[in-house]
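# any chance you can model this:
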Amino acid sequence: MFDMGNKTVIYLLILIVLFFLITDVITLIFRSPNFTVEYYNSDVLVGYSEFATITTVSGLKFKSEKKKEEYITTYNQTSLDTFRKYFSEVSKDIGKNIEVLDFKSNIKNNGNILEITETVVLKGIVQSENDTYILDMGQIRMNSVANSTFKVHLPEDARVESIEPTPTKNLGTLIIWSGEDIKTFPRIGYKRLSLQDYQKEGE
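Modelled structure (predicted):
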């Protein structure tokens, strides 16, 4: 279990609007949240290595302008080191070594909605087992927000072997979860097609 001290609260601020939005932890720390997540759209790009790039655009609606300004101040004080420390704790919790290689964010104040764009590069989120690549972050629960999507982009020459949970749409190398179908971070097994098989599938 995580230490629920002040440092953990700061660590979580940067993750609340990130792709997995851990509902249980948020509820425990923020018994009366100062904002609601109006939407979030995440895109996960993976290939044939252990790296993945995740970009999330989230919209937060605050109870007051003061609470929004407080959030912005705290958010801007977070650092890449803070983000890495938190993922170190996440790695221990799920039994998988995930390393943050890069993190960038941008905040846009759109009236009553604070829109945050975050891009993170993670190492260790994809693992290779024989000739199968597996995208997996354990059974991390995700927040089901009505106006939200979670997309995984696979290489064009990839063939999906397995997907959990069931996606809203499976377009081959683009897999999409929307709204209530977003339950846990997906586990996807995929293989690289041979050139001959790739050409056949394109016919």
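# every contact and neighbour count from this point should use C-alpha atoms.
Noted.
# quick one: the helices in the chain, in order.
6-16, 23-29, 65-77, 80-94, 195-201 (DSSP state H).
# of those, which shows the lowest average pLDDT?
Lowest mean pLDDT of the helices of the chain: helix 23-29, a mean of 36.
# ok, and the closest non-adjacent residue to residue 185?
Leaving aside its sequence neighbours, residue 185 sits nearest to residue 140 (Cα to Cα, 6 or more residues apart in numbering; 5.6 Å).
# residues contacting residue 117?
Residues in contact with residue 117 (Cα atoms under 8 Å, 6 or more residues apart in numbering) are 55-58, 105-107.
# check contacts around the nearest residue to it once chain neighbours are set aside.
The shortest distance from residue 117 to any non-neighbouring residue, by Cα to Cα, 6+ apart, is to residue 57 (4.4 Å). Neighbouring residues of residue 57 by Cα under 8 Å, 6+ apart: 40-42, 115-118.
# beta partners for residue 57?
residue 41, residue 117 (DSSP bridges).
# which residues are contacting stretch 160-169?
172-173, 175-178, 181, 183-184, 186-191.
# among these, name the buried ones.
173, 175-178, 181, 183-184, 186-191 (16 or more other Cα atoms under 10 Å).
# of these, closest to residue 134?
Proximity of the buried ones among the contacts of stretch 160-169 to residue 134 was ranked by Cα to Cα; the top entry is residue 189 with 4.5 Å.
# so who does the closest one touch?
132-135, 160-163 are the contacts of residue 189 under Cα under 8 Å, 6+ apart.
# what would the residues you listed look like in JSON lines with pLDDT, distance to residue 154 and neighbour count?
Below are the contacts of residue 189 laid out as JSON lines (pLDDT from 0 to 100; distance: Cα to Cα, whole Å; neighbours: other Cα atoms under 10 Å):
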{"residue": "132", "pLDDT": "96", "distance to residue 154": "13", "neighbour count": "16"}
{"residue": "133", "pLDDT": "97", "distance to residue 154": "11", "neighbour count": "23"}
{"residue": "134", "pLDDT": "96", "distance to residue 154": "11", "neighbour count": "23"}
{"residue": "135", "pLDDT": "95", "distance to residue 154": "10", "neighbour count": "24"}
{"residue": "160", "pLDDT": "96", "distance to residue 154": "9", "neighbour count": "18"}
{"residue": "161", "pLDDT": "96", "distance to residue 154": "12", "neighbour count": "12"}
{"residue": "162", "pLDDT": "96", "distance to residue 154": "13", "neighbour count": "12"}
{"residue": "163", "pLDDT": "97", "distance to residue 154": "12", "neighbour count": "16"}
